[in-house]
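Student: okay, here's the prediction I keep looking at, along with the sequence it came from:
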Amino acid sequence: MMRTELLDNGHLWLRIVDPAWVDPLDPTFAQRHGGWWNPPHSFPTLYLNEDLSTARINLRTFIASWPYEPEDLRSDTGPCLVTARLPRQQRTGDVHTPAGVAATGLPATYPLDEHGQLVSWHRCQAIGADANRQGLRGIHCRSARTPTGAGRELAWFPATGRSRAHLVSTQAFDAWYY
């Protein structure tokens, strides 16, 4: 049985966004295309970083298809960082503490599997889909961007179409990355 936790109501979550995005907190892109914790064509999911260190780690993935390194990006064209507040009383699945990881059936070494390879999306998507069926509002997890799982992320599942993350602030690239 998945361990759960209630998120801190006052926490500000971070998301790397393209400055051209109309709605940087829209969870329907991941709903259509899928992500680490939700399969394609499933349920709305908004992927967030718990802190600035995790956002900086995730920048490399965000720009992976670009022909630039972070040091080459300009403030006016580089990714922005938005800060968001979630609705109150969000109960999520715990996939970051040792007990929470064990309860999901993932190896203690998550995000790596028993063979030192990154745990597959399919395995994590099944856990996310199960959490969503149970009515949980997301998966609070170790970052899969580092072999040690350093950093924390949240795959947030809005309760309804009206349930929204609220934009608090937007920072230009130079203001948050350096």
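Tutor: The structure has been received and is ready for your questions. Numbering: from 1, shown residues only.
Student: CA only for contacts and neighbour counts going forward, please
Tutor: Fine.
Student: please report phi then psi for the closest residue in space to residue 106 that isn't next to it in sequence.
Tutor: Excluding the flanking residues, the one nearest residue 106 by CA to CA, 6 or more residues apart in numbering is residue 113, at 7.7 Å. Phi and psi for residue 113, reported as degrees, to the nearest 10, are phi -90, psi -170.
Student: A helix includes residue 54, no?
Tutor: Yes. Counting by DSSP: H, G, I helix; E, B strand; the rest coil, residue 54 is located in a helix.
Student: that one contacts residue 144, doesn't it?
Tutor: No. Counting by CA atoms under 8 Å, residue 54 does not reach residue 144; the two are 10.2 Å apart.
Student: contacts only, for the residue nearest to residue 106.
Tutor: Residues in contact with residue 113, defined by CA atoms under 8 Å, 6 or more residues apart in numbering, are 106, 107, 119.
Student: which elements pack onto the least confident helix or strand in the chain by mean pLDDT?
Tutor: When each helix and strand of the chain is scored by mean pLDDT, DSSP states H and E, helix 52-62 comes last, with a mean of 83. In terms of contacts (3 or more CA pairs under 8 Å, 6 or more residues apart in numbering; DSSP states H and E), helix 52-62 is packed against strand 13-17.
Student: please identify the buried residues of stretch 154-161?
Tutor: Across stretch 154-161, burial judged by 16 or more other CA atoms under 10 Å covers 154, 155, 156, 157, 158, 159.
Student: for the last one, helix, strand, or coil?
Tutor: Judged by three-state DSSP, the three-state class of residue 159 is coil.
Student: surely it touches residue 133?
Tutor: No. Taking CA under 8 Å as the definition, residue 159 is not a contact partner of residue 133, at 11.2 Å.
Student: excluding its backbone neighbours, what's nearest residue 9?
Tutor: Using CA to CA, 6+ apart, the nearest residue to residue 9 is residue 88, at 5.2 Å.
Student: list the contacts of residue 6.
Tutor: 89, 90, 91, 92.
Student: in strands, which of those residues fall?
Tutor: Residues of the contacts of residue 6 located in strands (DSSP state E): 91, 92.
Student: where does pLDDT dip in this protein?
Tutor: The chain contains residues with pLDDT under 70 at 62-67, 69-75.
Student: which parts of it are helices?
Tutor: Remark: helices assigned in the chain by DSSP state H are 28-33, 52-62, 98-104, 121-133, 173-177.
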